[in-house]
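Novice: sequence first, predicted coordinates after that:
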Amino acid sequence: MHQPSLKHTGVKPWVVKLLQLSVLCVLLYYTQRLVRISLLYSGFETDVGFLRHKPKALFENRIWLYAFFTHALLSMLVLLAGFTQFSRLLMRKYPRVHRRVGQLYCFNIIFIVAPTGFVMGLYASGGWLGRSAFCTLAVLWWLTTFMAYIAAKRRQFKQHQYWIIYSFALTLSAITFRIILTYMRTHANMPPMQTYGLASWLGFLPNVLVAFFIIQYIERKSMYKQKRSFYD
């Protein structure tokens, strides 16, 4: 049988590898910065970091205060655990470790970090724009992680992969939000509250879009391999 020409993904493999390496280096750099920031709150003090810019009256709200410290300290573990879920070496040679770390990632988000993030979102800066953004982020984060866990339990591994990509994209909003907010504060000619509110949405919506295109790339690559194996 004559094998027809098959259109590949249109992206050179070395370009993908270089892009992956560049993105990973940027993410690791900001991850270590976030870890250092999170450790500032290990003493449960209210005059450090982000809390210095919050109204003192908010500290009397014990629900918010407990939610903040819990979220700040455990989000660091979620971020670090999330990186391991995309390691092929870990998946192939140490599948049990992959599953245990994945469970830690999912349970942390589902039961602790996303709910506390929602509580924090109710009191977020940036007016209604900021509050709606962080509450939406918390709900989407919880939902995508929950769907990833359910798919894994049902051994629907392709669906699990796609949902975990969306989940980790939302996890990375802790990084992208700070990058965008810093840029907007420097270059955007907007009032501070509007800047914060808009940055709150831009901190995670582009991540979801990037996750969508990554999944489309994976799908196209998978279809190409299936067609090639059919004609071989």
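Specialist: In hand now; what should we look at? Keep in mind that this is a model prediction, so the values were computed, not measured.
Novice: nearest spatial neighbour of the residue nearest the centre of the chain, chain-adjacent residues omitted?
Specialist: The centroid of the chain falls nearest to residue 171 when counting by CA atoms, centre = their mean (1.9 Å). Nearest-residue entry for residue 171: residue 82, 5.1 Å, with adjacent residues in sequence omitted and distances by CB to CB, 6 or more residues apart in numbering. C-beta: built from backbone N, CA, C; applies to glycine.
Novice: secondary structure element holding that neighbour?
Specialist: helix 62-84 (DSSP states H and E).
Novice: check which helix or strand covers the nearest residue to residue 126 once chain neighbours are set aside.
Specialist: Excluding its sequence neighbours, the residue lying closest to residue 126 (CB to CB, 6+ apart) is residue 197, at 3.3 Å. Here residue 197, judged by DSSP H and E, is contained in helix 192-202.
Novice: can you give me the strands for the protein?
Specialist: For the chain, no strands are identified by DSSP state E.
Novice: for it, which spans come out with low pLDDT?
Specialist: Residues of the chain meeting the criterion pLDDT under 70: 1-12, 224-232.
Novice: quick one, helices of it?
Specialist: 13-39, 62-84, 88-93, 95-107, 114-121, 127-153, 157-171, 173-187, 192-202, 205-231 (DSSP state H).
Novice: from the contact counts, what lies against the last one?
Specialist: Counting contacts by 3 or more CB pairs under 8 Å, 6 or more residues apart in numbering; DSSP states H and E, helix 205-231 packs against helix 157-171, helix 173-187.
Novice: can you redo the ones you listed as a markdown table with distance to residue 67?
Specialist: Converted to a markdown table, the helices and strands packed on helix 205-231 look like this (distance: least, CB to CB, whole Å):
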| stretch | distance to residue 67 |
| --- | --- |
| helix 157-171 | 18 |
| helix 173-187 | 16 |
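Novice: quick one: closest of those to residue 61.
Specialist: The closest of the helices and strands packed on helix 205-231 to residue 61 is helix 173-187. By CB to CB, the value is 22.4 Å.
Novice: what's the closest one in contact with?
Specialist: Residues outside helix 173-187 that contact it (CB atoms under 8 Å, 6 or more residues apart in numbering): 27, 30-31, 34, 75, 79, 137, 190, 192, 195-196, 198-200, 202-204, 206-207.
Novice: residue 81 versus residue 192, what's the distance?
Specialist: In this view, residue 192 and residue 81 are 34 Å apart by CB to CB, to the nearest Å.
Novice: which of these two has more neighbours?
Specialist: Under the neighbour definition other CB atoms under 10 Å, residue 192 and residue 81 were set side by side, and residue 81 has more, 20 against 11.
Novice: the more buried one is in contact with residue 107, isn't it?
Specialist: No - counting by CB atoms under 8 Å, residue 81 does not reach residue 107; the two are 10.2 Å apart.
Novice: contacts for stretch 148-156 next, please.
Specialist: 99, 102-103, 106, 110, 157, 159-160, 163-164, 166-167.
Novice: typo on my end, stretch 132-143
Specialist: 109-110, 113-115, 117-118, 120-122, 124, 126, 166-167, 170-171, 173, 197, 200-201, 203-204, 208.
Novice: so what's residue 171 up against?
Specialist: Per CB under 8 Å, 6+ apart, neighbours of residue 171: 78-79, 82, 109, 141.
Novice: mind putting those residues into JSON lines with neighbour count and distance to residue 38?
Specialist: JSON lines is the format used below for these (neighbours: other CB atoms under 10 Å; distance: CB to CB, whole Å):
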{"residue": "78", "neighbour count": "24", "distance to residue 38": "11"}
{"residue": "79", "neighbour count": "22", "distance to residue 38": "9"}
{"residue": "82", "neighbour count": "23", "distance to residue 38": "14"}
{"residue": "109", "neighbour count": "28", "distance to residue 38": "16"}
{"residue": "141", "neighbour count": "25", "distance to residue 38": "17"}
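Novice: with that, I have no additional questions.
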